[in-house]
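*Asks:* The sequence and its predicted three-dimensional model are supplied below.
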Amino acid sequence: MAVHIRFARAGAKKKPFYRLVVTDHRAPRGGRFLEKLGTFDPAKKELGSGLVVDLARLEFWRKNGATPSATVERILRAAAKAAKAQAAAQAK
């Protein structure tokens, strides 16, 4: 079974809210999932502020062969970069 890490859309019309989920690749975008790893709210202006992720479970699924979608990979990378910059700014 091919397992993917991707976003499942929730929220009202014109007000998206996404759940970060681990799912079988055959399941529909907003359908059945294996585990919820976090949430993403694009309405939050700062990139890192709208993202909440259980990093331990994310690493577990990655080590067991789950592949993140391109969008998930991009947002996680940008959030990590923003957190690193914020930590460097606070260290000064």
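*Replies:* Alright, I've got the coordinates.

*Asks:* Find the least confident helix or strand in this structure, judged by mean pLDDT.
*Replies:* Lowest mean confidence among the helices and strands of the chain (mean pLDDT, DSSP states H and E): helix 70-91, at a mean of 86.

*Asks:* Can you give me the buried ones in it?
*Replies:* Using 16 or more other CB atoms under 10 Å as the test for burial, helix 70-91 gives 72, 75-76, 79. For the C-beta atoms, the positions are set from N, CA and C on the backbone; glycine is no exception.

*Asks:* can I get the residues you listed in CSV with distance to residue 65?
*Replies:* As requested, those are exported to CSV (distance: CB to CB, whole Å):
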residue, distance to residue 65
72, 15
75, 21
76, 17
79, 23
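
*Asks:* List just the nearest of these to residue 9.
*Replies:* residue 72 (13.1 Å; CB to CB).

*Asks:* got a list of what that closest one touches?
*Replies:* Going by CB atoms under 8 Å, 6 or more residues apart in numbering, residue 72 touches 5-7, 20.

*Asks:* Show residues contacting stretch 61-70.
*Replies:* 2-7, 22, 35, 37, 76.

*Asks:* list the buried ones in it?
*Replies:* 61, 66, 68.

*Asks:* next one: stretch 36-43
*Replies:* Using 16+ other CB under 10 Å as the burial criterion, the residues of stretch 36-43 that qualify are 37-40.

*Asks:* Report the residue spans of the protein with pLDDT below the cut-off.
*Replies:* 45-48 (pLDDT under 70).

*Asks:* And the most centrally placed residue in it, its phi and psi?
*Replies:* When CA atoms, centre = their mean is applied to the chain, the residue found nearest the centroid is residue 20 (4.3 Å). The phi/psi pair for residue 20 (degrees, to the nearest 10) reads phi -90, psi 110.
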